[in-house]
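Student: build me a structure from this.
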Amino acid sequence: MSFFSMAYDEATKQLVTVGIDTNCGLGTEMLSWTGTHWQPASSQLALPPPMFWSALAFDQATDRLLLFGLAQVSATGNTYLPETWSWNGVSWTQLAPATEPPMLENASLTYDPATRGLLLFGGNPYNPASDGPVAAPLGQTWSWNGGDWHRVDPHHSPPARIGAAAAYDPELGGVVLFGGSSTSVADGQDLRPLGDSWLWNGKDWLAIRSGQSPAPRLLAQMSYDPALRALVLFGGSVDNTADLADTWTLVPRSGGAGGGR
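Tutor: Numbering: from 1, shown residues only. Predicted coordinates for the structure are as follows:
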């Protein structure tokens with residue numbers, strides 16, 4: 001499986017991963033973690049079309065997983081569309097929102113309990129005319145209310161990026177966004193990883209200042225650990241060839257947030 005995304009399905013109590021099946025041509029593959037092993041989806045299950053660097057997150061308001069990404073909608077591989085799909089634990093359904101974000105790769109998606117909606121940030125826009133990504137990542141904020149996407153225009157915003165880690169932190173009362181890259185391979189430049197942290201409070205983005213911070217990176221994994229009462233960040237990449245294997249926690253402190261290994 002390649003170009004996959006993963007999220008915990010609170011309704012079925014399983015981890016779900018969706019990506020591109022590279023073993024039998026260009027198709028979609030879905031696996032579920034039962035607690036002991038990975039279970040492939042039934043061959044009879046109708047899956048979403050192949051998506052490159054899609055975003056997957058659980059929507060607590062609807063009790064369903066939401067998948068958004070750049071979908072290949074033709075067998076020849078030269079027609080792509082932004083598509084939104086939901087998983088109810090039994091079947092996938094393609095949704096038809098009135099408004100959708102642009103065709104994006106490597107956007108960050110997570111649920112925001114404060115607004116009871118999903119939050120999407122950044123990503124690299126795709127240009128069908130050139131059959132590839134365009135030059136620069138975006139810095140747009142989008143919200144999903146269970147039926148439609150809405151562009152949000154906060155007063156402050158993180159710089160544009162791809163591959164940032166995002167997760168809700170109940171200790172801070174908002175979504176934390178960390179890292180990513182300000183450029184993509186499509187820019188004709190090397191990747192430029194970022195090491196800044198931002199907090200979405202439901203209305204605006206606020207920069208998080210801390211004494212310690214992980215090294216700049218993209219494609220790191222981050223999730224809230226109830227036992228530690230802190231966000232945990234693992235891994236990521238510093239460029240096209242070098243990966244990291246360090247673990248960090250974000251520990252709130254009076255007047256802000258602090259980080260530590």
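Student: ok, now which ones touch the residue positioned nearest the centre of the chain?
Tutor: For the chain, residue 108 is the residue whose C-alpha lies nearest the centre (Cα atoms, centre = their mean; 3.1 Å). Residues counted as contacts of residue 108 (Cβ atoms under 8 Å, 6 or more residues apart in numbering) are 55, 120, 121, 122, 123, 163, 164, 165, 166, 177, 180. (Glycine included, C-beta is placed from N, CA and C.)
Student: span of stretch 59-70 from start to end?
Tutor: One end of stretch 59-70 sits 20 Å from the other (Cα to Cα, to the nearest Å).
Student: buried residues in stretch 53-69?
Tutor: 53-62, 64-69 (16 or more other Cβ atoms under 10 Å).
Student: now, which of the residues you listed sits nearest residue 13?
Tutor: Set against residue 13, the nearest of those by Cβ to Cβ is residue 58 (11.1 Å).
Student: thought the closest one was touching residue 12?
Tutor: No. If you go by Cβ atoms under 8 Å, residue 58 and residue 12 don't touch, sitting 10.0 Å apart.
Student: for the protein, what are the low-confidence residue spans?
Tutor: Along the chain, the model assigns pLDDT under 70 to residues 1, 22-25, 75-78, 127-135, 185-189, 253-261.
Student: for it, longest strand please?
Tutor: Longest strand in the chain, counting residues (DSSP state E): strand 243-253.
Student: who does it pair up with?
Tutor: If you go by DSSP bridges, strand 243-253 pairs up with strand 230-237 (antiparallel), strand 256-260 (antiparallel).
Student: buried residues in that strand, which are they?
Tutor: Those would be 244, 248, 250, 251, 252, for strand 243-253 by 16+ other Cβ under 10 Å.
Student: nearest to residue 48, of those residues?
Tutor: Minimum distance to residue 48 across these is 30.5 Å, recorded for residue 244 (Cβ to Cβ).
Student: I figured the closest one hits residue 216, correct?
Tutor: No. In this structure, residue 244 is not within contact of residue 216 by Cβ under 8 Å, at 10.0 Å.
Student: overlap in contacts, those two.
Tutor: Common neighbours of residue 244 and residue 216, counting by Cβ under 8 Å, 6+ apart, are residue 238.
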